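Participant: Sharing a model prediction with you, sequence too.
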Amino acid sequence: EDQVTQSPEALRLQEGESSSLNCSYTVSGLRGLFWYRQDPGKGPEFLFTLYSAGEEKEKERLKATLTKKESFLHITAPKPEDSATYLCAGVNAGNMLTFGGGTRLMVKP
Amino acid sequence: NAGVTQTPKFRVLKTGQSMTLLCAQDMNHEYMYWYRQDPGMGLRLIHYSVGEGTTAKGEVPDGYNVSRLKKQNFLLGLESAAPSQTSVYFCASSPPGADTQYFGPGTRLTVL
């Protein structure tokens, strides 16, 4: 059974305090690892797809990396507007997504 | 270009009532999906469709039915609602062979 686990469940940061979110996965025939951002009361918004170990992608203050067992979402000098829940998901050989429980990020000014 | 839209946004049902949630997409995507999101459980796939007229079961299909009569619409039905179906429901769509799924804004359903 495919499994995706995110940690921590919640993270409080001061504005400018860099940190990383972790996503551990066991996904059969992993075809890709996704990161989404979800704001309260809204649907998940696509951020990145990573396809192979060693791959990195960046968008503004966010950088996603992938190893054979984990993915990390690094947040550099976060701002209050980065506060959201960040979801990761693995897609298996059958094109089905398995989501982690998410990390709720709160950035205080 | 509205992307993925869902109606209604909110609904309260009594146990045993039925309802249909509508998902529409204007991106000409082949694949469509219904998920439910519960606290601490993440998003779980209910049913999905890989094209007009086709549907398949996901991880948690019991108590739900779906139909894809038109390419742009994917309907999720609850024939006899139960309190365990209280959740936020999300629809998503994607092009064939593409991994990125685009999500709608969600429907918050409460079953009393």
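Facilitator: Looks like it came in fine. In this text, all values refer to a predicted model and were calculated from it rather than measured experimentally.
Participant: what's the lowest-mean-pLDDT helix or strand in chain A in contact with?
Facilitator: Within chain A, confidence by mean pLDDT, DSSP states H and E is lowest for strand A:97-99 among all helices and strands, at a mean of 90. Applying Cβ atoms under 8 Å, 6 or more residues apart in numbering or on different chains, the set of residues contacting strand A:97-99 from outside is A:2-4, A:25, A:27, A:34, A:87-92, B:42-45, B:101. Heads up, the C-betas are built off the backbone N, CA and C, glycines and all.
Participant: Could you rerun that using 6 Å?
Facilitator: Contacts of strand A:97-99 with the rest of the structure, by Cβ atoms under 6 Å, 6 or more residues apart in numbering or on different chains, involve A:2, A:4, A:87, A:89-91, B:42-43.
Participant: same thing with stretch A:53-61?
Facilitator: A:48, A:64-68, A:75-76.
Participant: nearest residue to residue A:8 other than its sequence neighbours?
Facilitator: Using Cβ to Cβ, 6 or more residues apart in numbering or on different chains and skipping residues adjacent in sequence, the residue nearest residue A:8 is residue A:103, 6.2 Å away.
Participant: if I pick that neighbour, what's in contact with it?
Facilitator: Contact analysis of residue A:103 by Cβ under 6 Å, 6+ apart lists A:6, A:11, A:21, A:86.
Participant: And residue B:49, by the same measure?
Facilitator: Under the criterion of Cβ under 6 Å, 6+ apart, the contact partners of residue B:49 comprise B:32, B:55, B:68, B:74.
Participant: Would you list the phi and psi of the third one?
Facilitator: Here is the backbone geometry of residue B:68 (degrees, to the nearest 10): phi -130, psi 80.
Participant: count of neighbours near residue A:4?
Facilitator: The burial count assigned to residue A:4 is 22, neighbours taken as other Cβ atoms under 10 Å in any protein chain shown.
Participant: okay, now the closest residue to chain A within chain B: neighbour count?
Facilitator: Closest to chain A within chain B is residue B:103: 3.5 Å, counting by Cβ to the nearest Cβ. The number of residues packed near residue B:103 is 22, by other Cβ under 10 Å.
Participant: partners of residue B:88 in the sheet?
Facilitator: Legend: beta-bridge partners of residue B:88 under DSSP bridges are residue B:37, residue B:108.
Participant: I'd assumed residue B:38 was in contact with it.
Facilitator: No: the criterion here is Cβ atoms under 6 Å, and residue B:88 misses it with residue B:38 at 7.8 Å.
Participant: Comparing the two, which shows the higher neighbour count?
Facilitator: A side-by-side neighbour count of residue B:88 and residue B:38, using other Cβ under 10 Å, places residue B:88 first with 18 against 14.
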